[in-house]
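>>> Kindly return the folded structure for what I paste below:
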Amino acid sequence: MQKLILRHGDCVAVLAGMKEDSVGSIVCDPPYGLEFMGKKWDRLDWTDGGGMVGVGMGGREIPWPSYSGTGAAGTANATCVACGGRMRGGNKCSCDKPDWRVKGQPINLSANAERMQKQQHSHRIWLTEVYRALRPGGVIKAFSGTRTFHRMAAAMQQAGFVDLRVESWNYGCLSEDTEVLTRNGWEPYRRATVGTEIMGFDPMSEEFRWMPVEDTYEYAYDREAYRLVGEGSDHIVSTNHRCLVERDGEWSFVYAEQLEDTEVVPCVSVQGVRLLVLAHLERSTVRVERIGYKGMVWCVKVPTGAFVARRNGMAFVTGNSGFPKSKNIGKALDKQAGRVNTSTVTLMKELRALFDASGKSRTTIDKECGFRACNYLSYPEPGKRLDPWFNVLPSQAKWQVMKQVLGVEGTDREVKLDGFFYEAEREVIGFKKVVPGVAFSSDGPSEMPVTLPATDAARLWDGWGTALKPSWEPVVVGRKPE
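Now for the predicted structure:
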């Protein structure tokens, strides 16, 4: 068995401790310099001595960008005192040398360039150690952000790397014969330009409503793909496409490579195609077939991460490229408060023992529960292939049903297992406004509750979310000369 060594520490210090010309290749994902969620660890502001600034979680550690200030982060629509014109908009300044002011104060137009120079310097510090540790001919692949990768590339060249290039980590798309539903009805995907309103879907509330296309993606494809075909759906997706499938009674985004041989996917019955007066959500069991596909693939980005498309006359809901609906980690920890420190495998073994002791077949148990309860018995075992259900356990509501079917009520095990499936109740402190709209109408909630974390673990991770990948990420590649 191959031995992996994990070294905890500042990367510059750890690299400095490695022998020169001792590493064959390096793949890394350093900070992007975007100050993600206001955290210091993503603020590229290192010193010549090396080392990142302090890491923290919880509250915001960096001020929000100012849209009216005059500081380095300010992006106000400044006024030229010479002509009275503005930096942006219809009344734009036409002066050769504008004198920009915000609230009478001059602004620093070079602030952003200065920040970019600091980022490049920060990258050069650790890249210098990477260059020293790599063997001649060794390769580095470093992930970066779409807005900041050019500074990493420049720093890589300064450190001595050659043959620089950018690779793209793409996220998946749909086959070119798939249509999208717009206000004008079903149309080819090329009609869905940025700003076009298409039928979107919110997996959390199961609401359909019009949503603007925020971005579009299209590229040539020639490799393995996945066909999801069944009574209510027939569509083809590329690798890395985020498919929407049912997991634990909830809709979840799953990459195409992680799909089971059969899945339950959302499909749609639409009446009144042009007026779009009614859309009904249905479920379809599909077979997942691996096929070869050559042609163009495409996708769009919408705010909720899912939209309605159609292929071979069958409408379905699928995930989009870009930021999906992020799951609040703090809320997830509160929901699993009773088992935060308990092994998932331990609980699944407990459930498997209950199933075996019930005297009922698993088909009967599933039927009496009204859902696929047997899926919660799957955990890693020698020789067993990867299963998306490995880390999935029933919710508190589903456990209440299962314990009745399994005959656990009134036994010694009931109290113990009830504790494992306990969900912490979060305090509602207010409500936030949301855009209403269910099935293309103005019905539905116009506000959602704002809650406070209930447990220490939830407070630690409050504000952090899952599924944070953009539609593509640049990977800067460099080689150490031989």
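
>>> Contact partners for the closest residue to R242 other than its chain neighbours?
Counting by C-beta to C-beta, 6 or more residues apart in numbering, the nearest residue to R242 once its immediate chain neighbours are dropped is G319, at 3.2 Å. The way it works is simple: take the backbone N, C-alpha and C, and place the C-beta from them, glycine included. By C-beta atoms under 8 Å, 6 or more residues apart in numbering, the residues touching G319 are 241-244, 253, 305-306.

>>> The same query, at a cut-off of 7 Å, please.
By C-beta atoms under 7 Å, 6 or more residues apart in numbering, the contact list for G319 reads 242-244, 253, 305-306.

>>> Same question for A159.
For A159, the contacting residues are 124, 127-128, 131, by C-beta under 7 Å, 6+ apart.

>>> V162 now?
479, 481.

>>> Return the per-residue confidence for it.
What the model reports as pLDDT for V162 is 95.

>>> go on, M18?
Looking at M18, the pLDDT reads 93.

>>> D99 now?
So D99 comes in at 87 (pLDDT).

>>> my guess is it meets C80, correct?
Yes. Counting by C-beta atoms under 7 Å, D99 sits close enough to C80 to count as a contact (5.8 Å).

>>> Of the two, which one has the most company?
Per other C-beta atoms under 10 Å, whichever of D99 and C80 has more neighbours is C80, with 18 against 13.

>>> who's the more buried one bridged to?
W100 (DSSP bridges).

>>> which residues touch it?
93, 95, 98-100.

>>> One more pass at 10 Å, please.
Counting by C-beta atoms under 10 Å, 6 or more residues apart in numbering, C80 touches 86-87, 92-95, 97-101.

>>> intersection of neighbour lists for D99 and C80?
C93.

>>> List only buried entries from the contacts of G319.
242-244, 253, 305-306 (16 or more other C-beta atoms under 10 Å).

>>> Let me know the closest of those to W461.
When the buried ones among the contacts of G319 are ranked by distance to W461 (C-beta to C-beta), F253 comes first, at 19.7 Å.

>>> Not counting residues beside it along the chain, what's closest to that closest one?
In space, and not counting its chain neighbours, F253 is closest to R242: 4.5 Å by C-beta to C-beta, 6+ apart.

>>> How about Y32?
G145 (3.5 Å).

>>> Show the backbone phi and psi for the one you found.
G145 adopts backbone torsions of phi -100, psi 150, taken as degrees, to the nearest 10.

>>> hang on, isn't T148 packed against M116?
Yes. Counting by C-beta atoms under 10 Å, T148 does reach M116; the two are 7.7 Å apart.

>>> just to revisit the earlier point, quick check: bridge partners of the residue nearest to R242?
A306.

>>> Quickly note the distance from it to F253.
Per C-beta to C-beta, to the nearest Å, G319 is found 5 Å from F253.

>>> can you check G138 too?
36 Å.

>>> Pretty sure V237 sits in a strand.
Yes. Under DSSP: H, G, I helix; E, B strand; the rest coil, V237 falls within a strand.

>>> How many residues are close by it?
26.

>>> distance between stretch 186-203 and the chain's centre?
20 Å (C-alpha atoms, centre = their mean, to the nearest Å).

>>> Just the C-alpha atoms of the longest strand seen in the chain, please, in PDB.
Longest strand in the chain by number of residues (criterion: DSSP state E): strand 278-301. C-alpha atoms of strand 278-301 as PDB (Å, rounded to 0.1, in the frame of the first residue of the first chain):
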ATOM      1  CA  LEU A 278     -48.300  26.000 -15.400                       C
ATOM      2  CA  ALA A 279     -45.300  23.800 -14.700                       C
ATOM      3  CA  HIS A 280     -45.700  20.600 -12.700                       C
ATOM      4  CA  LEU A 281     -42.800  18.800 -11.100                       C
ATOM      5  CA  GLU A 282     -42.600  15.100 -11.600                       C
ATOM      6  CA  ARG A 283     -40.000  12.300 -10.900                       C
ATOM      7  CA  SER A 284     -38.600   9.900 -13.400                       C
ATOM      8  CA  THR A 285     -36.400   6.800 -12.800                       C
ATOM      9  CA  VAL A 286     -33.700   6.800 -15.400                       C
ATOM     10  CA  ARG A 287     -30.900   4.400 -16.500                       C
ATOM     11  CA  VAL A 288     -27.500   5.900 -16.600                       C
ATOM     12  CA  GLU A 289     -25.600   4.800 -19.700                       C
ATOM     13  CA  ARG A 290     -21.900   5.600 -20.500                       C
ATOM     14  CA  ILE A 291     -21.700   6.600 -24.200                       C
ATOM     15  CA  GLY A 292     -19.200   8.200 -26.500                       C
ATOM     16  CA  TYR A 293     -20.100  11.800 -27.600                       C
ATOM     17  CA  LYS A 294     -18.600  14.100 -30.100                       C
ATOM     18  CA  GLY A 295     -19.900  17.500 -30.800                       C
ATOM     19  CA  MET A 296     -20.600  20.800 -29.100                       C
ATOM     20  CA  VAL A 297     -21.700  21.000 -25.400                       C
ATOM     21  CA  TRP A 298     -23.300  23.900 -23.700                       C
ATOM     22  CA  CYS A 299     -24.700  25.200 -20.400                       C
ATOM     23  CA  VAL A 300     -26.000  28.400 -18.800                       C
ATOM     24  CA  LYS A 301     -25.800  29.800 -15.400                       C
END
